[in-house]
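Participant: Provided below for reference: sequence and predicted model.
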Amino acid sequence: DFAEVTPEHVAWVQDELNDTPRQVLGGATPREILQQIFKRGASTA
């Protein structure tokens with residue numbers, strides 16, 4: 001029942017997923033890849 005899920009728990013799950021290395025990303029985490037994309041975008045702006 002999602003009505004009982006707190007925003008804090010959702011944030012915790014998001015962090016766990018975003019900080020888990022992925023083989024498809026060459027061992028990087030989704031968070032690391034997103035940070036690289038933001039850095040590239042900032043340097044081209």
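Facilitator: Now that the structure is in, tell me what you want to look at. Residues are numbered from 1 along each chain as shown.
Participant: next, count neighbours for G26.
Facilitator: Using other C-beta atoms under 10 Å, G26 is surrounded by 9 other residues. Using the backbone N, CA and C atoms, a C-beta is placed for each residue, glycine as well.
Participant: contacts for the helix or strand of the chain with the lowest mean pLDDT next, please.
Facilitator: Ranking every helix and strand in the chain by mean pLDDT, DSSP states H and E puts helix 30-44 at the bottom, with a mean of 91. Helix 30-44 has contacts (C-beta atoms under 8 Å, 6 or more residues apart in numbering) with 17-20, 22, 25.
Participant: residues of that helix that come out buried?
Facilitator: E32 (16 or more other C-beta atoms under 10 Å).
Participant: tell me the centre residue of the protein?
Facilitator: With distances taken as C-alpha atoms, centre = their mean, the chain has N18 as the residue nearest its mean C-alpha position (3.0 Å).
Participant: hang on, it packs against L25?
Facilitator: No: under the criterion of C-beta atoms under 8 Å, N18 makes no contact with L25, lying 11.4 Å away.
Participant: which residues do those two both contact?
Facilitator: With the criterion set as C-beta under 8 Å, 6+ apart, the contacts of N18 and L25 do not overlap.
Participant: state the pLDDT value of A45.
Facilitator: Looking at A45, its pLDDT is 58.
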